[in-house]
Structure formats: structure tokens, C-alpha cells
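**Student:** kindly return the folded structure for what I paste below:
(chains A, B, C and D)
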Protein chains: 4
Amino acid sequence: MVEVVGTAPTSVMVITKFVYRHSWKTNFINIKGITRDSITIMKLTKEQSQEIKSQQSQNNQTKRVIAPELEKIMYEAMPALDHGFVRVVDYMGDDTSIVQAARVSYGKGTKQVSTDSGLIKYLMRHWHSTPFEMCEIKYHVKLPIFIARQWIRHRTANVNEYSARYSILDKEFYLPSSENLAAQSISNRQGRGDVLEGAQAKEVLEILKNDAERTYANYENMLNERYDGSTINESKKGLARELARMNLTLNTYTQWYWKTDLLNLMNFLRLRADHHAQYEIRVYADLMLDTVKKWVPITYDAFMDYRVGGTEVSSKGKFVIQKLIKGEKVDLENSGLSKREWNELMVAFNLKDKLI
Amino acid sequence: MVEVVGTAPTSVMVITKFVYRHSWKTNFINIKGITRDSITIMKLTKEQSQEIKSQQSQNNQTKRVIAPELEKIMYEAMPALDHGFVRVVDYMGDDTSIVQAARVSYGKGTKQVSTDSGLIKYLMRHWHSTPFEMCEIKYHVKLPIFIARQWIRHRTANVNEYSARYSILDKEFYLPSSENLAAQSISNRQGRGDVLEGAQAKEVLEILKNDAERTYANYENMLNERYDGSTINESKKGLARELARMNLTLNTYTQWYWKTDLLNLMNFLRLRADHHAQYEIRVYADLMLDTVKKWVPITYDAFMDYRVGGTEVSSKGKFVIQKLIKGEKVDLENSGLSKREWNELMVAFNLKDKLI
Amino acid sequence: MVEVVGTAPTSVMVITKFVYRHSWKTNFINIKGITRDSITIMKLTKEQSQEIKSQQSQNNQTKRVIAPELEKIMYEAMPALDHGFVRVVDYMGDDTSIVQAARVSYGKGTKQVSTDSGLIKYLMRHWHSTPFEMCEIKYHVKLPIFIARQWIRHRTANVNEYSARYSILDKEFYLPSSENLAAQSISNRQGRGDVLEGAQAKEVLEILKNDAERTYANYENMLNERYDGSTINESKKGLARELARMNLTLNTYTQWYWKTDLLNLMNFLRLRADHHAQYEIRVYADLMLDTVKKWVPITYDAFMDYRVGGTEVSSKGKFVIQKLIKGEKVDLENSGLSKREWNELMVAFNLKDKLI
Amino acid sequence: MVEVVGTAPTSVMVITKFVYRHSWKTNFINIKGITRDSITIMKLTKEQSQEIKSQQSQNNQTKRVIAPELEKIMYEAMPALDHGFVRVVDYMGDDTSIVQAARVSYGKGTKQVSTDSGLIKYLMRHWHSTPFEMCEIKYHVKLPIFIARQWIRHRTANVNEYSARYSILDKEFYLPSSENLAAQSISNRQGRGDVLEGAQAKEVLEILKNDAERTYANYENMLNERYDGSTINESKKGLARELARMNLTLNTYTQWYWKTDLLNLMNFLRLRADHHAQYEIRVYADLMLDTVKKWVPITYDAFMDYRVGGTEVSSKGKFVIQKLIKGEKVDLENSGLSKREWNELMVAFNLKDKLI
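**Tutor:** Have a look, this model is predicted:
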């Protein structure tokens, strides 16, 4: 999805083609696919680049199972938004770990019945959750604070966040690219409408940029200290860091180590890589979805088939589908569904002509 | 701790005396007690006041146990910081619920050994945690975003936060009172030092106020909508709410419903009502500690004695204490402790003259 | 579902009619409905009956919301299996608590869009989970140990179990009624087949009864103590309780306090009130499902429609359904489904004639 | 602690010396150290031995960090009790992972202040929990069911247990060695007293053995199937496995995959490797404690010093200790402590002469 065309020592330049994710929970009512800036530049300091290279050059021997495709991208800072990234920094287990744990649960005699792939599909289909908890992954993520706040609502994970109580935050803030400067949807309180254009777009970007820069400059002033550690005015004290940070805007970048098991990761991705999710978190979810594919390819396929690409049908919805298949008459009135539910059902099965 | 002296229909005025919490993990190295502004004004709209009164006038019959002292303050908005509050909106169980659950765990025959109070103390002392999970409480809290971010790190709770993705946030932001405008500690990266004074204090408060007001005004501009719902410019679109919010500063107030069990609440309070905690979260923790006292008074006493007022001593620390009691010679060198550990131990037992 | 026809002071007699749960995830491939013994007698001691009556006579005033239908059955020991029961001993919140929490999450302006019922249905349909966590319930349950072991796999609950380390377990063990003495299914490793009959049924019941009685008698012998606390042989020591318990069989009854929130309760019920669940745990799940109906009737309806009575359709399954609706040719070969998946899909939509 | 002296292809023979764990929460009131049978024989089938050897011969390359000492014992079945074992089957991270995560949390500038070891000790001392969650470990454990029931109360772990609903359990049950056949303590409801001896010991062991064998034989009879899969009587049906298992006694062995993070593992070990824990679970906890030492040696040392070897002192207890150090008079009456608390305090600081 992302094609890296060049890498300079201290920056990562990425050219992204427009990608329409047709394997996704798509929707024929004109849902935009996920796009990225045509050129994203995420700067890493020389020191950071060096540290990453040093981690990548590790070559240890282990008796543990490994995921060869995931090993290839370990520690790499995959760019997200304008200054963020996702890095896989550790993992445990692979597809066989799920099978291994499930077979303790099933005990002797099941091996002839199912291949590993069949077993994983069976587990996914029937919501057998515990075997998927046997795999674990740890990411290092750099992301805007307002996205971090959305992310952290998923509680079943381990988190260590960079602390602005002890340290000074980087001078980096998220500014949407022009394609992503969406207006508020009129019809749907939770969605975005058309993209802002022309003078208004320019004005919004100016505001975001100026306010972030001003509040950051004042953050340094109050701290009486610059990001590089130098004191601004030797005759002054600095405000406590735990207080000064309150002046920063919510698009300031933060970073954390985030670790979770495969089951909870899939629960996260199911919600956050969905087209209902806010674009800015979907960018991260999409990158992570690709790491799942590299890590546990069989589970990934089952996840895409049964969860991401699948749908739920209510008791009343089942009745409507049955009628439609039998060619019997069914309409909104006798379906027991609300208009919204009716349309959601027709969208789920791509029955354009039945929309009301 | 908080003495309410007058209540106007749409505001709550509070006069707080300086309270030095001597029952707390105090510390003779000049740790400031918790103070509050001499006058805190938290405004509630007429509508909000009315809703609270309406809830308070409920008078239902139940077969469940009740906590009479907690009932008295239910739904009340107890002011915290300049615009925040804590409200108890529901609870389940009381001290007897802990005993009741523990006795299933202990079974027949224990009643003659321990009174209820003795049993609760025993459970607390020996880290029997599950009986305390049998009580549950739910708060409605209004708090600055940077504090909400600290708070949410406690994952074992249920949370519903006001969503700035769907709604417009209130124009309210935290400004520290002058007594709480602490400088960064020189000696301790995690602490506050002296309070800023004079011109610098004034300058900091100006910055915080101006930046919050400007970024909020620009938030409305980008939304093309005022807080009251009126459109600013009929010929313009508004930026999506989920995007516009990123321009707000971290001292903007948010609010949530937060529900947890008594065990996890005590874990929260142990860390957040401690003098190491940031002042701004301690204000909330202190209010909640008072609700625990009203709710489960026996458990509260045991908690204060064994957890809050207690201390841990390491294996090496035990050896030092033994020597001191026996009057034998022990010093930093032969203690096996670091200088920092030595001093922490002496502080814990209030042995001023043994500090190094 | 359960019709109580008579109650003696120290026992509860119940006559249950055969009930085919047609609102349930039914299945036309000859799945037996849930039945109960025609007469179940669960004995309570006089003391226990007295304690329950005493709890039921409580009449407290509260400002909290109440669930009137649930109040009516509070503390009542609803019989389950031959010696077990389910009792609601506390709860917190009702349907309005979900709406209240969700509206903090949605903020102002949503009230005109949805009635409370519409909002709850919307939340359920779109997997908004946190508002349902705002309600909490606590049960006292008596159940066989082998069922307790299945139950405890649901980790997101609070539990206090009667401890056989400290106390002597009651002399009560589960013996299946003759209708529930199922043979191992030949075709399905996880299911039951036909019911055992005649001499073999009798033999099995004899074995279960004799072995439970013998191991219990030996349990008392090793303890050198009878259940009533009397010593068997004054000149002997008793084996430690924590050891003696290992001689008991897995159908011995235990009991616990089990507390969870509504979301996790629904997750439990979705799996354990399903026809794939073992009969013995379904009996408990069914009783609890009825308490959900009494507690939060709107949520109950949404749960039955969207979760219990609903189904999931995979990406490939959606394709098959689309073809069927359009009257296009689709069969196992070109569906991409396994035979098992194909049949599960046809069963879900009650398309008997399409089974392979 | 365990010295392996010989290994035959299908069994593991172990000679254990008596070990008094003096680094442990010892106690001068005659607490027995943990012992093991002088000779433990745990049989593995040829197939199982082969599978383990095959796993151990894996030699993969990874960019992940490794724990060299832990790698050496990976997959090995370390004997526990008479038929149980503990095997490390996967892990993630090492001591540096904790430091790495904590430094994101601390940010720039902390490196010169603390060595890694100092930082880990600091984190442990001040209950900074999240960095320890960054390491994960997975065990395969074989253990008696009554111990599994104690173990599972630790809910913050991932578990896949061998299912007796689908499979037939092994014919293996725990029989205590003669040194561990403890009588019920007279003074302490939760403890063991002296060891049973002579005729009574013999009788108890006979009972346990006979009842386990008889109930297992009847289990096979009801299943109409032997453990090896052969049918007993071709003309009979077998009782469903999910039912037949209820006839087994609680000392029957089960097995599971159990995965947790380092923080929760330490919480488990703190309670279960303590001398208050039941001997049978301590045997497992001790083996696991040794794996922690091999895995994260720096964290292990801090854990032993601050948690295992340390103690908590209540607010009132601190007052008593202060008095004792100052040589002032303090006794039970003016201490505010109960007699039990007084003695627990004196034991914690090894002040034998102050016991009452």
C-alpha cells in the first residue's frame, strides 16, 4: 500500500498512490477510500536513525518460533500522517501458536480433522477467542494527542507514554493535508462531508499552524527552556513541566509503547480500520493491519473474511433476507426494521436497488 | 474539608480553609499540604442545576443495602479546580457487602472469630482483594484534558467521555490559582519547586488565558458555529468537529462518567491522593476519598491505616530497622541501600536525625 | 418459563413444562430445546430460608434509580439443576443509565434524534460497548464444580467463591435427570447425541451416585470431622482441609458471589445461553437471561434481536446471499465456502432445501 | 534448587535436596521450608519426549532481544509434584525492554542519572507498574484440578485449558508424598499443622489412591471407551464426555497454556510463592520464580528485595517502630494494634523477644 522510493539518512520520504481498499467494508454510497499525502516527510534525527539501524542489525539465535515476514520490517518507522510513525518493536508467537494452544484445549485426536488453516478459520468463525490471545505484539507509535485519546479507550493493552510531566515534548504537530480537510457532515453527526477548498481551506490550515506554533513558543517561554535544553533567561525560573504542558494544542505529537495480544489487536482494528473510524486513526490501523498480515497470515485471512468483510444480521434482518431469497414480498413496513436498519442491511448485501 | 457557605441557583461558591492533611503520607521535608483557592466559583447553567435538583428529589424504595451518608450528597456537584466537579451518580453495596462476600469465601464458622470490622481490617492487611471488588461506584467528573489523560491510565474502570467528535466542547479551561503556579523543581525531575511570583506569575497566567481564548475562538471559527449552536457565516461550511477539536489546548475541560469497583478505586486513590501526585489530580482524588469515607467508613479506616498511612520496607530496609531497634551500628555503607533509599526509609519512619 | 406451584418453608418445588425456545438461535437440524426435570427440589435449611426472608423484607429509601421488576425477585433462590440456584443479591442502574452515559458521550443535541429505545438499539447494533458497562449486577450462585470451571473462563467479573481450604463443603452433588443423560455424539465431538436409556441409564446414575457418596464419606473420614462440625474419632487428627478436598468428585456443588457489568454479562449469556453451550450451564444462563429482562427490558429486546437471534455472515457468505437474492446460480463449488460453512449459512437463514 | 541427575528417554528422574529458602519471607515460628519428594518420577510418553526435543532443536534467527539463560531451558518439562510439570514455551522481552519502555515514559535526559539497574529498582520501589507489563511469558503447565482452581483466580492472564468436554483426561492424579500429608492446623483455620504419620497416613493415602482409581475406572466405563481410544463394549453407547468427567476427583491432573505479563506474574508469585500459600501451588510458583531469575535477572533481584523479602507497615505500626528505635516505651496497649497485628509486626522485623 505504501511504496518507499527513497530514504535519506535522517528522513523517510514516501510516495503513496491512491489506494481504494476494495477488500474492505466498502460501501457503494460514495465512501472515499483511504488516501495519504502524495508526499509525506517524516524526519528522524540522525541519532534516532542510528538507534533504529542498530536495533535492526541484531541477529540473535532463538528456540522460539519466528515470523519471517515480520522480522523483515522490525523496528522500521513506517510513516503515518505528517510526523507520526508505527514501529514493530517486539512480538511473540505466530499462526502455529494459535493452533498449538487450541489443541491443548481440544486435546488428542483433533489433528486428523482439521488442517491448521481450517482450525484457525473454525476458531474465528465460532468466536473461540482464547487461542488468539496466545500471540502478543508491541508497537512504538508516534501520534497526535487527540488520536492518542481515542486510541487509549481500548483498555486491554499495555501502554507506556512519553511523559510531558518529566520531559519536554517535541515541536511537532499534525496539520491535515488538503485532501483530508473535511467539512462537518450535514446528514451524519459522526461523519465528514465534502472537503473544504479554496480560501477556507487555506484559512483553516493557517489557523492550525499559527495556533500550534504560538502555543508551543509560549510553552517554551513558560518553561524558560528550549526543546534542546538551553535556558532562555538565566535570571528566571521555569514553570513546572507538568503545568506548562497544558498550553499545548491537541494536535501536538506524543509517543508511546503499546503492547497487546492478537485478539485485542483484532478488536481494535475491526473498529479503527473501519470506514466509520476517523481518518487519522485509520491511517495507523491500516499500517498495523499490514503488520498482522506479515505476522500471522492465516489468521489475517480469516479475520478479513469473517470480521472485516463480514456483517451481522439481526433476527428481523434474517427474516427479510429469507423472504428476499424465496422471492416473497417484503418491504419496510412489514419488516419490523427502522428505515435506517433497512438501508444498512441493503448496503451490507450490496442491494442498491432496494435502498429507500 | 470543604465548607459550603452559600449556593446561588446557577453557581456554587465555596470557601476552603487551608487544610494540612496530617493523616496523610506526610513527610517532614517541607511538603506542602493540599490547598484550594480561597474562593472557587463553578458555574452551572440553570438547566444543569435543575437537572441535579430533579435527580436529588428522587425517593425510591429498594431492597438493596444503602449507604446513608453517601445518599446525602448524591448527584451534588462538588467543585474541583476552577471549573471542574465530582458527582456521585450511582453506587452499589456498603461495608457489609464486603463482609458478606468474604464469608462466602470463608464459609461457616468464621463469625465468632471476627467482628465485621476485624474481618475488613484482616482482608486489607493480607491483600485479600476480591471482597472489595463487590462494591461499585459511578462518578460524573468534569476535568481538564491533561488531567483526564493521566487519569485514564487506570484501565480497570468503565468510562464514557463527552465526545468532541460529535459535540462542541464548553468554553472552559483550567487556569491555576496563584498559589499553585509552581516552578519546576531543580532537584527532582518529577516534582514542583517554589511558587512563581510577581511579574513572572502574572505573565504565565496571561499566556495561559490568552492562548486558551484565542485557540477556542479559532475553534469556533473553523467550525463556523458558536457554542450555542448558531452559525457564524451562512455562506461557509464548517470544518468537521473531529478535526476542529485538535486546535484546543490541553487545559480545556472535558467530562465523563467513570465507574469502578472499590478495590480499583483504592488503587487509584493510593497513587493519586498521594503527595507525589500532581496537585491537579489530587484535588479530585481528595474529594473522592471523602466519598469513600461516607460510603464504606470501616473500609476507609483500614485503607488509611494500612495503605495510605503505611509504608513498604524492603528486605535490606528491614535489616536496617532491626539494627536500629537493637541499638547496633548501621550506616549507609553497610546497609546495602542507596543514599536515596536510605533517606526514603528514614523519612518513612520520621527519623529526621538519620538523614544523610 | 418456570412455573412455581408450591413452596414449603424449607424447600422449593418447581414444575417445569417443556419449553421450546423458538426465539432462540434455533436450528432445524433436530436440536433439543432446553428442558428441566419435571420436579426439582432444592432444599434450603431453615436458617438459610430465614436469612433470605430477612433480606427480602428490607425496605430502604434511595435516590438511586431502581428496576421495579428486578426488585420483586431480589434475593430469591431460583432453582437450577438438582441442588443449585441463582440469586440476584445487588444491582446498579437500569436502562436509563445506559442512555445517560451514552449522552455524555454524544453530548448535547442528540435527544431529538432518538428516543431512548432507539438510542439503545443503535448502540447495540453498532457495538458501542461502554454505555452498557454502566450497569452492574451481583449474583449468588450455587453450582457443580465442573460447571464453575467452565464459567470462570469469563474473566471480566468479580468472584468470591466458598473456600474448601477453610470450610467443609456441603454434601450435595449433581446427578443429571434421566432426560439429560446424553450419549456422546458420534458426528460432533462437541455435542451430545441421543439420551441413554434403560439399563445403561440406570447403571450410569448408580455409578455417579455411589462414587459421589463414597468419596464424600471418605472426605469426612480423612477430615475426621462430619459436615455438622462433630469430630468422628477423638483420638485422631484430621487431614488438612486444603488437602482432603481433593478427594471430592467434580459434580460436588460449590457456591460463589459473581458480579459483572451488563456488557460482560451479555457476552457471557450470548455464549452460555446458546444451544451450543453445555446443558448444565445453559440452565443457569437462562435464569440469568430472565433477570436481564426484568432489569433492563429495552436492552434485553435489543440484545435478543441483534445478538442472540442474529447471525454473522462472512465476506464470502455475503456473496452467496447476494447471488441467491438475485436468483443467480451459486453452489458450494463456486462459493468459496467449505461444506460446513455452507450448511451453517443455510441453517442461519433457515434454507432447509439448500443443505448439502 | 532442583538437580537433575538422570534422564531416560520417556521419564525424568529428579533428586531434590532439602532447601530452606532463607531469602524468602521466612518466619522464625517454625515454618517448614519447601521440600520435594526425594525422588520424583514424571513420565512422558515417547511421543511427548520427541515433540519436546524437536522444539528444543529449533534454531531461528531473530532481531528481537533474547534472554540467554531462559533459552537454555525452553520447552523443558520441569517436574512439579508427582505428575505435573512447568514448561516455558515462549517469552517476549528482557530486562532492557523494561528500561526501554520506561524511558519513553521518562523521555530524554534520564540516561545519565540512572543505570538500567538503578532505574528498574526505582520503578519497583515506587510501584511504577506499566514498564514491567512490557515483558510477556507463556507456560505449559500440568497440574491437579484443585490447584488449577486456585490458580485461575488470577484473572489477568490468558489461558487455554485441555478440555474434558472434547477429550478424555489422562489417568493421572496427585497423591501427596508422606512429608506433605499435613493435618489441619488447630490454631489457624488457613494453615496446616503437623504431618500425619503411621497408620493414619497410610490410611489416607490408601483412600486417595483407591477413590481416584475407582472413579477413573467408572469414568471409562461410562464413556464406554478407554484412554487409548478403544471401545469397551461394542454394543453400548458412551455417555457424553462433558457429562462423564463429573465423576473424576479433584486431584486428577489437567493441563493448560498460561500466558501473562511480567507484572502480573510477579503479583501471582508474590502471593503463591509465599509461605502462606498452599504447598501444592508453591511448588509451581517456585519453579516459575526460577524462570524469572533466568529471564530478567535484574528485575528478579529488585522483586526479591522490595516485594518478596519486604514487608508492609501500617500507620500504627510505623509509630511502634519509631518508639522502639528511640528506645521509648511502647506496648500492645498503647500501640493501637491488635495482638495479632503486634505479633505480625514483630515477626516481620525478626524481634523474637517482643512476641506476646
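
**Student:** every contact and neighbour count from this point should use C-alpha atoms.
**Tutor:** OK.

**Student:** could you list the low-confidence segments of the stretch 51-200 of chain A?
**Tutor:** Low-confidence segments of the stretch 51-200 of chain A, defined by pLDDT under 70: A:105-114, A:187-190.

**Student:** how about the residues of it near chain B?
**Tutor:** A:146, A:149, A:152, A:155-156, A:165-166, A:181-185, A:189-193, A:196 (Cα under 8 Å from any Cα of the partner chain).

**Student:** emit the ChimeraX select command for whichever of the residues you listed are buried.
**Tutor:** Command for ChimeraX that selects the buried part of those, burial taken from 16 or more other Cα atoms under 10 Å in any protein chain shown:
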select /A:146,152,155,156,165,166,181,182,183,184,185,189,190,191,192,193,196
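
**Student:** just the residues of the stretch 51-200 of chain A next to chain B: which are in strands?
**Tutor:** Counting by DSSP state E, these place A:182, A:183, A:184, A:192, A:193 in strands.

**Student:** excluding chain neighbours, what is closest to the residue of the stretch 1-150 of chain A found nearest chain C?
**Tutor:** As assessed by Cα to the nearest Cα, chain C sits closest to residue A:125 within the stretch 1-150 of chain A, at 8.4 Å. Nearest residue to residue A:125, sequence neighbours excluded (Cα to Cα, 6 or more residues apart in numbering or on different chains): residue A:306, at 6.4 Å.

**Student:** residues contacting residue A:330?
**Tutor:** Contact analysis of residue A:330 by Cα atoms under 8 Å, 6 or more residues apart in numbering or on different chains lists A:320, A:323, A:324.

**Student:** next, residue A:138: phi, psi?
**Tutor:** With angles defined as degrees, to the nearest 10, residue A:138 sits at phi -130, psi 130.

**Student:** next, the nearest residue to it once chain neighbours are set aside: phi, psi?
**Tutor:** Spatial nearest neighbour of residue A:138, chain neighbours left out: residue A:259 (4.1 Å); criterion: Cα to Cα, 6+ apart. Per-residue torsions, residue A:259: phi -130, psi 140 (degrees, to the nearest 10).

**Student:** ok, residue A:259 touching residue A:155?
**Tutor:** No - Residue A:259 is beyond contact range of residue A:155, at 11.0 Å (criterion: Cα atoms under 8 Å).

**Student:** from residue D:84, how far off is residue A:102?
**Tutor:** Counting by Cα to Cα, to the nearest Å, the gap from residue A:102 to residue D:84 is 20 Å.

**Student:** and what of residue A:300?
**Tutor:** For residue A:300 relative to residue D:84 (Cα to Cα), the value is 35 Å.

**Student:** with residue A:121 instead?
**Tutor:** Residue A:121 sits 32 Å away from residue D:84, taking Cα to Cα as the criterion.

**Student:** contact partners for residue A:144?
**Tutor:** A:84, A:173, A:174, A:250, A:251, A:252, A:253, A:254.

**Student:** for the spatially most central residue of chain A, which non-adjacent residue is closest in space?
**Tutor:** With distances taken as Cα atoms, centre = their mean, residue A:285 lies nearest the centre of chain A, 1.7 Å away. Take residue A:285 and drop its neighbours on the chain: the residue closest to it by Cα to Cα, 6+ apart is residue A:273, 5.0 Å away.

**Student:** you'd agree the one you found is up against residue A:290?
**Tutor:** No - between residue A:273 and residue A:290 there is no contact under Cα under 8 Å: 11.0 Å.

**Student:** quick check, stretch A:217-232 touching chain D?
**Tutor:** No - with Cα under 8 Å from any Cα as the criterion, chain D is not reached by stretch A:217-232; the gap is at least 9.3 Å.

**Student:** phi, psi of residue A:163?
**Tutor:** phi -100, psi 120.

**Student:** I'd like to know how many residues surround it.
**Tutor:** 22 (other Cα atoms under 10 Å in any protein chain shown).

**Student:** and the most far-flung residue of chain A relative to its centre, how far from residue A:275?
**Tutor:** What lies farthest from the middle of chain A is residue A:235; by Cα atoms, centre = their mean that is 45.7 Å. Per Cα to Cα, residue A:235 is found 53 Å from residue A:275.

**Student:** what's the answer for residue A:337, then?
**Tutor:** Taking Cα to Cα, one finds residue A:337 at 23 Å from residue A:275.

**Student:** the stretch 201-350 of chain A: strands as residue ranges?
**Tutor:** For the stretch 201-350 of chain A, the strands defined by DSSP state E, counting those that start in this stretch cover A:253-261, A:311-313.

**Student:** so can I have CSV of those strands showing mean neighbour count?
**Tutor:** Converted to CSV, these look like this (neighbours: other Cα atoms under 10 Å in any protein chain shown):
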stretch, mean neighbour count
strand A:253-261, 22
strand A:311-313, 21
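
**Student:** could you dump those to TSV with mean pLDDT?
**Tutor:** Converted to TSV, the strands of the stretch 201-350 of chain A look like this (pLDDT from 0 to 100):
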stretch	mean pLDDT
strand A:253-261	96
strand A:311-313	94
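
**Student:** nearest to residue D:209, of those strands?
**Tutor:** strand A:253-261 (41.5 Å; Cα to Cα).

**Student:** quick one: strands adjacent to that closest one?
**Tutor:** Strand A:253-261 pairs in its sheet with strand A:136-144 (antiparallel), strand A:158-161 (antiparallel), by DSSP bridges.
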